[in-house]
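> Show me how the following folds:
(chains A and B)
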Number of protein chains: 2
Amino acid sequence: MRIAVLGGDGYCGWATALYLSSKGHSVAIVDNFMRRQWDHEIGAQSLTPIRPLSERLKVWQELTGNTIEMYVGDVTDYDFLSSTVKAFEPDAVVHFAEQRSAPYSMIDRKHASFTQLNNVVGTLNLLFAIRELRPDCHLVKLGTMGEYGTPNIDIEEGYITIEHNGRKDVLPYPKQPGSFYHLSKVHDSHNIMFACKIWGLRATDLNQGIVYGTLTDEVALDDALVNRFDYDEVFGTVLNRFCVEAAIGHPLTVYGKGGQTRGFLDIRDTVRCIELACNQPAARGECRIFNQFTEQFSILEIAQLVQKAAKKMRLKVEIEYLPDPRVEAEEHYYNAKHSKLIDLGLKPHWLSDSLLDSLMNIAVKYRDRIDRSLILPQVNWRNASNDRRSQSASLVGAASGHAQMGKIELTEKPAKRARTAVRGSKRQ
Amino acid sequence: MRIAVLGGDGYCGWATALYLSSKGHSVAIVDNFMRRQWDHEIGAQSLTPIRPLSERLKVWQELTGNTIEMYVGDVTDYDFLSSTVKAFEPDAVVHFAEQRSAPYSMIDRKHASFTQLNNVVGTLNLLFAIRELRPDCHLVKLGTMGEYGTPNIDIEEGYITIEHNGRKDVLPYPKQPGSFYHLSKVHDSHNIMFACKIWGLRATDLNQGIVYGTLTDEVALDDALVNRFDYDEVFGTVLNRFCVEAAIGHPLTVYGKGGQTRGFLDIRDTVRCIELACNQPAARGECRIFNQFTEQFSILEIAQLVQKAAKKMRLKVEIEYLPDPRVEAEEHYYNAKHSKLIDLGLKPHWLSDSLLDSLMNIAVKYRDRIDRSLILPQVNWRNASNDRRSQSASLVGAASGHAQMGKIELTEKPAKRARTAVRGSKRQ
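Numbers count the residues shown, from 1 in each chain, chains lettered A, B, ... in the order given. Predicted coordinates for the structure are as follows:
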């Protein structure tokens, strides 16, 4: 199958592109490297030293003989996107090419507006490109479990049967997203559902949970293929952040009471879910919605699991409760269904101790690249504007006393990091 | 109360601004005249000869002694919007400043994208401006009944209590909008709800039905204050279009079976609803949703009512069933609640014969300004791209044989229209 992976240089996209390529699919990566640019903007970088895409792809070809095509451009540029679709003629398009950080979208008005614009226009362009050029092509779109929020009833997979005043209908599940980013995904979902209805497109909207881990079989082949590992307060996901904190003896930073419960999945399940969706596409006119996660945990449970795993590695870690920078329920009912991908054949990896060890090992391995100043939350949902750069010093200074050091380290590190990056030794 | 009316040069906005001014409120109109620009783009114009805003406001002041301030600019330009909010210091902002035509949004990708961008960014800007500059200011936002679509259960006002697997919650009512325009309103609604939650803003989201009529007491004071009357296939609403068709003996163009049922209201009720919402604002943190319409009719019922009214004026009119250019249910259950504005004090005007007569009178009065080539639908939901200008000739030609004439008339008319516009005679 010919599969285009939009955003294939990013965290989930890269692992997915390699996985699909290893399974014999013809893969193209479409990316504009904006994710790397955002790192520069917020003064952060992946814990793992990731290589430029061109280098990654060369190594992949040398190791496996598989070629992955590369199209460099912005999906919000329709000329670029349509010419790419014309040239590559995909059977499926996996769409990761969005701004995917909630805190980034909450920095200020420009970031909120940019996030919604970027995500909504990119997806609209894709819908029109498929309609005009490849109407039979299957859109596999990454949404988020965060679209649902935390309702006091069970969360179904995209649709819910509602009985009301003696009548009944199956309707889109009500959405209560918790950031301008999550809102952008809700906007996308509505646009996609409509396009399927009016044009008979086929789409699978994957409401993904929080992904953890960096290692897939493919990524593990060579250090040059290493995947991103984000731990900073803007792009880092909670489990990664906790592991990094544990690795440097920083208290695990639980926001609020920690009763916030979310769906989680291993990145090895992400890539498998994508393949399952591609191999068994939605019907024409169908907008299928799957909840893509394998287990649900509260944030406090995650912190306790990391604490336990750290203890096995003789790392002593405390849990610290910070005022929640987000506006969200800190304790709530949560029961989200997630059986449809299992029905298609997913065999989940569980967040067991071994996984934590593996995550912890990555954090410890790259410990010297950790920038402590990036850990504490600096984006508060309640503010109209958050000045990340100037808040950085005071906030981090107050919490850990390492503010200036963190800043100096940051300015002094690039040379060393560059050396690490070109060393290129085999993993493990 | 200081009330800013964004989009106050448009159809609902103009009538609202005058009404609020007449009730003693300090009113400012914020507009960039884009609505007038769209008329030029699609080659249409209001049946009634509307004056430039500056002239309208001068006449209003001469007649009533009331000054309405005018701020000219685009709400998607934050510098403009924020400086306007700073300067005017509104207690309430009534937000009509959006692209409001479903067919316009369905012309092609650029129009779809523009509509969502324009509407979403404008509303986001407004939310941020209120948060930053006037956090106690009440946002009164115009949404549409079209956000709900046509579910097979009763439509509630914004929220629905759902019992599911033995648990219960009050959740946002599921949305199934029917065009990229309607989708933009759904996006807005989600953004507004979120802003109220995180920032404690106060908002009233008015899901308005299809508005009919041009005359309010204020507009009727002088011909120079005349309101828009759109009958073209892009911006014309169905009742206006039927009246124009009846006035020139054109068959009433019912799309599909005509079983499409919608909520309707008189423009005199629109302006009253806005005032009711302003006078009794939402609480801090509350996102109130009202369904703003007074009666529901199927399109065929509307056609039959117009036919009946036309008959009284000795106009014989046929009903013609066209293939539905939209993708929508042509027959469906429809029962939408609309009691909240009644509870606040709305006394509805009913779509009685007299109203139809009054609408019909306007259509007949300005009969020589009717351009037949603008009546038939040229934008088909099923197409990725609709070339309105080049389709115009063939479509209209096939249907009425007046395509070229219509075009020539259009190019020859401006001088005559200008003369009509400056005549300035009193109404009636």
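> tell me the angle the top helix by length along chain A makes with helix B:109-133.
Counting by DSSP state H, the longest helix found in chain A is helix A:109-133. Compare the direction of helix A:109-133 with that of helix B:109-133 by axes from the mean of the first three to the mean of the last three Cα atoms, to 10 degrees and you get 170 degrees.
> Can you spell out which helices and strands pack onto helix A:109-133?
Packing partners of helix A:109-133 (3 or more Cβ pairs under 8 Å, 6 or more residues apart in numbering or on different chains; DSSP states H and E): helix A:78-88, strand A:92-95, helix A:102-105, strand A:138-144, helix A:180-199, helix B:109-133, helix B:180-199. Using the backbone N, CA and C atoms, a C-beta is placed for each residue, glycine as well.
> Give the next helix or strand downstream of the fifth one.
Put plainly, it is helix A:180-199. On the C-terminal side of helix A:180-199, the closest following helix or strand by DSSP states H and E is strand A:202-208.
> May I see the buried residues of the host helix or strand of residue A:304?
Element membership of residue A:304, judged by DSSP H and E, is helix A:299-312. The neighbour-count check on helix A:299-312 (16 or more other Cβ atoms under 10 Å in any protein chain shown) flags A:299-300, A:302-307, A:309-310 as buried.
> Now the element after that helix, going C-ward?
Moving toward the C-terminus from helix A:299-312, the next helix or strand (DSSP H and E) is strand A:319-322.
> Just the buried residues of the helix or strand just after that next one, please?
Following strand A:319-322 in sequence order, the next helix or strand is helix A:340-344 (DSSP H and E). Residues of helix A:340-344 classed as buried: A:340-341 (neighbour count, 16+ other Cβ under 10 Å).
> same check, this time on stretch A:28-36
By neighbour count with 16+ other Cβ under 10 Å, stretch A:28-36 contains the buried residues A:28-32, A:34-36.
> cool, and stretch A:363-370?
In stretch A:363-370, counting by 16+ other Cβ under 10 Å, buried: A:363-364, A:366, A:369-370.
> With stretch A:144-153 instead?
Within stretch A:144-153, the residues that qualify as buried are A:144-151, A:153, counting by 16+ other Cβ under 10 Å.
> again, but for stretch A:53-62
By neighbour count on 16+ other Cβ under 10 Å, the buried set for stretch A:53-62 is A:53, A:56-57, A:59-60.
> likewise stretch A:153-168?
For stretch A:153-168, a neighbour-count test (16+ other Cβ under 10 Å) marks A:153, A:155-160, A:162, A:164 as buried.
> ok, the closest residue to residue A:109 other than its chain neighbours - how many residues close by?
Distance criterion Cβ to Cβ, 6 or more residues apart in numbering or on different chains; nearest residue to residue A:109, sequence neighbours excluded, is residue B:128 at 4.2 Å. Neighbour count for residue B:128, taken as other Cβ atoms under 10 Å in any protein chain shown: 22.
> Return the residues in contact with residue B:128.
By Cβ atoms under 8 Å, 6 or more residues apart in numbering or on different chains, the residues touching residue B:128 are A:109, A:112, A:384, B:78.
> could the residues you listed go into CSV alongside pLDDT, distance to residue A:15 and neighbour count?
Converted to CSV, these look like this (pLDDT from 0 to 100; distance: Cβ to Cβ, whole Å; neighbours: other Cβ atoms under 10 Å in any protein chain shown):
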residue, pLDDT, distance to residue A:15, neighbour count
A:109, 98, 33, 20
A:112, 98, 28, 26
A:384, 96, 36, 19
B:78, 98, 38, 20
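> Tell me the secondary structure at residue A:24.
Following DSSP: H, G, I helix; E, B strand; the rest coil, we place residue A:24 in the coil state.
> Against residue B:361, how distant is it?
Taking Cβ to Cβ, to the nearest Å as the criterion, residue A:24 is separated from residue B:361 by 72 Å.
> List the buried residues for the longest helix of chain A?
A:109, A:111-133.
> What parts of the stretch 151-300 of chain A come near chain B?
Contact residues, the stretch 151-300 of chain A versus chain B (Cβ under 8 Å from any Cβ of the partner chain): A:151-154, A:160, A:162-165, A:167-169, A:171-180, A:183, A:186-187, A:190-191, A:193-194, A:197-199.
> ok so, going back, of all the buried residues of helix A:299-312, which comes closest to chain B?
Comparing the buried residues of helix A:299-312 against chain B with Cβ to the nearest Cβ places residue A:299 closest, at 19.1 Å.
> Next up, the contacts around the closest one.
Residues near residue A:299 by Cβ under 8 Å, 6+ apart: A:238, A:254-255, A:258-262.
> repeat for residue A:96
By Cβ under 8 Å, 6+ apart, the contact set of residue A:96 is A:5-8, A:10, A:12-13, A:16, A:142.
> Tabulate the residues you listed (JSON lines), appending secondary structure, pLDDT and distance to residue A:92.
JSON lines is the format used below for the contacts of residue A:96 (DSSP: H, G, I helix; E, B strand; the rest coil; pLDDT from 0 to 100; distance: Cβ to Cβ, whole Å):
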{"residue": "A:5", "secondary structure": "strand", "pLDDT": "99", "distance to residue A:92": "9"}
{"residue": "A:6", "secondary structure": "strand", "pLDDT": "98", "distance to residue A:92": "11"}
{"residue": "A:7", "secondary structure": "coil", "pLDDT": "98", "distance to residue A:92": "14"}
{"residue": "A:8", "secondary structure": "coil", "pLDDT": "98", "distance to residue A:92": "13"}
{"residue": "A:10", "secondary structure": "coil", "pLDDT": "98", "distance to residue A:92": "18"}
{"residue": "A:12", "secondary structure": "helix", "pLDDT": "98", "distance to residue A:92": "15"}
{"residue": "A:13", "secondary structure": "helix", "pLDDT": "98", "distance to residue A:92": "14"}
{"residue": "A:16", "secondary structure": "helix", "pLDDT": "98", "distance to residue A:92": "11"}
{"residue": "A:142", "secondary structure": "strand", "pLDDT": "98", "distance to residue A:92": "13"}
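> Kindly reformat the residues you listed as JSON lines containing neighbour count and distance to residue A:47.
Shown next, in JSON lines, are the contacts of residue A:96 (neighbours: other Cβ atoms under 10 Å in any protein chain shown; distance: Cβ to Cβ, whole Å):
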{"residue": "A:5", "neighbour count": "33", "distance to residue A:47": "23"}
{"residue": "A:6", "neighbour count": "28", "distance to residue A:47": "25"}
{"residue": "A:7", "neighbour count": "27", "distance to residue A:47": "20"}
{"residue": "A:8", "neighbour count": "30", "distance to residue A:47": "20"}
{"residue": "A:10", "neighbour count": "26", "distance to residue A:47": "15"}
{"residue": "A:12", "neighbour count": "22", "distance to residue A:47": "16"}
{"residue": "A:13", "neighbour count": "27", "distance to residue A:47": "18"}
{"residue": "A:16", "neighbour count": "31", "distance to residue A:47": "20"}
{"residue": "A:142", "neighbour count": "25", "distance to residue A:47": "22"}
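> Let's see which of the buried residues of stretch A:363-370 end up in strands.
Using DSSP state E to define strands, no part of those is located there.
> Residue A:26: what's its closest spatial neighbour, skipping adjacent residues?
Closest residue to residue A:26 apart from its sequence neighbours, by Cβ to Cβ, 6+ apart: residue A:2 at 4.6 Å.
> just to confirm, which helix or strand has residue A:21 in it?
In the assignment (DSSP H and E), residue A:21 maps to helix A:11-22.
> quick one: that helix to strand A:138-144, angle?
Here the directions of helix A:11-22 and strand A:138-144 differ by 150 degrees (the same axes, to 10 degrees).
> by contact count, what packs against helix A:11-22?
Applying 3+ Cβ pairs under 8 Å, 6+ apart, we find helix A:11-22 packed against strand A:2-6, strand A:26-31, helix A:53-64, strand A:68-72, strand A:92-95, helix A:267-279.
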